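J.: no FASTA, just this:
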């Protein structure tokens, strides 16, 4: 490592990880700050992706949360995830003709927007990266589409589910006329 320019961890990674792990632990901002021995204002700044955390501060927070240090500083390891129609884990009602298939549980502290999308063939809709930590979930309801991060797009048909990082360039393309999908944008 060069002495001229120290490597800094992206504050967005630490902020997202702190919010996620604090939510999992069910701790308030005040309680986590107390357990870690850091000022509440410092913790608040870190969760807002500002400030300049020291190794000791991040280490103390990891110990207070009961997670490895790496859980707070490691970049998110997102992979494209596809669930084909009828292949997700399902629960059936004993009382009615109802079948629910969980495609993705909402992690603590996440925000989600839900969209109904119609696509027509002829052009690829390229999307710029969204805010750090964004993930998109989509389910094709009609037709066929090709979607996902650039270089990792996947062809999907009716009922297929896919999730992928949306804080990188990604695209959507209709492969048939009248393609429809449900899109959930999750922001951490």
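T.: Everything's here; your move. None of the values given here were measured: they were computed from a predicted structure.

J.: Mind naming the longest helix for this structure?
T.: The single longest helix within the chain, with elements called by DSSP state H, is helix 11-25.

J.: Let me see the ranges of the helices in the chain.
T.: Under DSSP H, the chain gives helices at 11-25, 29-36, 40-47, 55-65, 70-73.

J.: what's residue 42 in contact with, if anything?
T.: Residues near residue 42 by Cβ atoms under 8 Å, 6 or more residues apart in numbering: 33, 51, 53, 57. In short, each C-beta sits where N, CA and C put it, glycine included.

J.: So which of those residues wins on neighbours?
T.: residue 53 (23 neighbours; other Cβ atoms under 10 Å).

J.: ok so, going back, to residue 121, which of the helices of the chain lies closest?
T.: Distance to residue 121, taken as Cβ to Cβ, is lowest for helix 11-25 among the helices of the chain, at 35.9 Å.

J.: now the angle from the closest one to helix 55-65?
T.: 20 degrees (axes from the mean of the first three to the mean of the last three Cα atoms, to 10 degrees).

J.: Helix 11-25 - contacts with which helices or strands?
T.: helix 29-36, helix 40-47, helix 55-65, helix 70-73 (3 or more Cβ pairs under 8 Å, 6 or more residues apart in numbering; DSSP states H and E).

J.: returning to that earlier point: and the longest helix of the chain, how far from the chain's centre?
T.: With Cα atoms, centre = their mean, to the nearest Å as the basis, helix 11-25 stands 12 Å off its chain's centre.

J.: coming back round to it: will you turn the helices and strands packed on helix 11-25 into CSV that also has distance to residue 85 and mean pLDDT?
T.: Formatted as CSV, these follow (distance: least, Cβ to Cβ, whole Å; pLDDT from 0 to 100):
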stretch, distance to residue 85, mean pLDDT
helix 29-36, 42, 95
helix 40-47, 38, 92
helix 55-65, 38, 88
helix 70-73, 34, 80
